[in-house]
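Chemist: okay, here's the prediction I keep looking at, along with the sequence it came from:
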Amino acid sequence: MRNFFIIVNMDKALAVGTKDSIVSILSSYGNDVSCHVWDGAPQEHYDLPEGTDCIITIGGDGTLIQAARATVKTGIPIIGINRGHMGYLTQLTGEEDIKPALKRLIEDDYSIDERMMLKASILQDGKRVFKDVALNEVLLTRHDSIRTMHFSVYVNEVFLNSYSADGLIIATPTGSTAYSLSAGGPIAEPKAKLMIMTPICSHTINGRSLVLSPEDKIKVRVGSEKQLVACDGDSMFFLNYGDEIHVSKSKYVTRLVKFKEESFLETLRDKMNFV
């Protein structure tokens, strides 16, 4: 790797100092290495310089996820430096880790983890009015209301169930340790290929999580007003009664740079106090 694009979350107190350190280190390699810095507001799509080899995010998991979605069609590997809270997806934390990590990137001494993503689209009267991708989850939730939501779920056009609940989470294995876990969903190995569907506070005894194959296609039909869809808690679309949400495996993946050889279980233990 020789050409880097750095995305900085300026809301993180330590992000600016980390950015300055990275630029200084990369500049020491002279003309053999280049870097461009984005320290403005998050973008739906970043205009990456031609030949960009790697995206470095400085912030937390949210910064990395936003960057992954905004650059999804490029296939460029991403590495995150944690300046947030947990940093489950980010690879680096300490300032002392940065210089050796950059050296390994430049020397092509790393591996790549490919993470499954979801695609979501919304149909109104049979016409698609919204589409997006998600690395963690597609969320059906409510807005401007405390009333119970009503919706029906179909899998591969076969009716599954009608729900009265506070919402619905459709998560990837990467997202299984995020909101889905808080709602009672299972933890999945992050490189697995599957989808986890979890109702939020369902008002029935059959409101359990369901693990589906990556070939399955989920359709959710909205049965009440004041609902919205959010992809990774970011892009949102407000729904009408009768709208349909279609969710399935995306053809795109997020490619994460990996240095550490620790196992998935070691990550759970170290970052989530998992027992």
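Modeler: Nice, I can see it. Numbering: from 1, shown residues only.

Chemist: look up how far Gly223 lies from Ala178.
Modeler: 26 Å (CB to CB, to the nearest Å). C-betas here are computed from N, CA, C, even on glycine.

Chemist: neighbour-wise, which of those two wins?
Modeler: Ala178 (23 against 15; other CB atoms under 10 Å).

Chemist: from Ala101, how far off is the closest residue to that one other than its chain neighbours?
Modeler: Spatially, and ignoring its direct neighbours in sequence, Ala178 is nearest to Asn136 (4.9 Å; CB to CB, 6 or more residues apart in numbering). Separation of Asn136 from Ala101 (CB to CB) stands at 24 Å.

Chemist: ok, residues contacting stretch 1-11?
Modeler: Contacts to stretch 1-11, defined as CB atoms under 8 Å, 6 or more residues apart in numbering, come from residues 15-16, 19, 22-23, 26, 32-39, 46, 48-49, 51-60, 62-63, 67, 76, 83-84, 105-106, 108.

Chemist: now restrict the residues you listed to buried residues only.
Modeler: Neighbour counting by 16 or more other CB atoms under 10 Å classes 15, 19, 22, 26, 33-35, 37-38, 46, 48, 52-60, 62-63, 67, 76, 83-84, 105-106 among the contacts of stretch 1-11 as buried.

Chemist: strands of the stretch 1-150 of the chain, start to end?
Modeler: 3-8, 34-38, 54-59, 78-82, 111-124, 127-134, 137-142, 149-155 (DSSP state E, counting those that start in this stretch).

Chemist: output those as a markdown table; include the columns mean pLDDT.
Modeler: Converted to a markdown table, the strands of the stretch 1-150 of the chain look like this (pLDDT from 0 to 100):
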| stretch | mean pLDDT |
| --- | --- |
| strand 3-8 | 98 |
| strand 34-38 | 96 |
| strand 54-59 | 97 |
| strand 78-82 | 95 |
| strand 111-124 | 97 |
| strand 127-134 | 97 |
| strand 137-142 | 97 |
| strand 149-155 | 97 |
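
Chemist: distance to Asp216 added to these, as CSV?
Modeler: Below are those laid out as CSV (distance: least, CB to CB, whole Å):
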stretch, distance to Asp216
strand 3-8, 33
strand 34-38, 36
strand 54-59, 31
strand 78-82, 27
strand 111-124, 11
strand 127-134, 16
strand 137-142, 14
strand 149-155, 6
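
Chemist: quick one: contacts for the residue nearest to Lys219 when sequence neighbours are not counted?
Modeler: The shortest distance from Lys219 to any residue other than its chain neighbours is 4.3 Å, reached at Tyr154 (CB to CB, 6+ apart). Counting by CB under 8 Å, 6+ apart, Tyr154 touches Leu160, Ile218, Lys219, Val220, Arg221.

Chemist: how about a cut-off of 10 Å?
Modeler: Taking CB atoms under 10 Å, 6 or more residues apart in numbering, we find Tyr154 in contact with Leu160, Asn161, Lys217, Ile218, Lys219, Val220, Arg221, Glu244, His246.

Chemist: one step back: more neighbours: which of Asn136 and Ala101?
Modeler: Counted by other CB under 10 Å, Asn136 and Ala101 do not tie: Asn136 has more neighbours, with 29 against 21.

Chemist: domains in this structure, by residue range?
Modeler: Listed domain ranges for the chain are 3-110+259-272, 117-251 (source: automatic domain parsing).

Chemist: other residues contacting the longest helix along the chain?
Modeler: Scanning the chain for the longest helix, with DSSP state H as the assignment, gives helix 15-27. Under the contact criterion CB under 10 Å, 6+ apart, helix 15-27 has outside partners 2-4, 6-10, 12, 32-39, 56-60, 63, 81-84, 92, 95, 98-99, 101-103, 105-106.

Chemist: which residues does the closest residue to Glu225 other than its chain neighbours contact?
Modeler: Closest residue to Glu225 apart from its sequence neighbours, by CB to CB, 6+ apart: Tyr241 at 5.6 Å. Tyr241 makes contact with His150, Arg221, Val222, Gly223, Ser224, Glu225, Lys226, Gln227, according to CB under 10 Å, 6+ apart.
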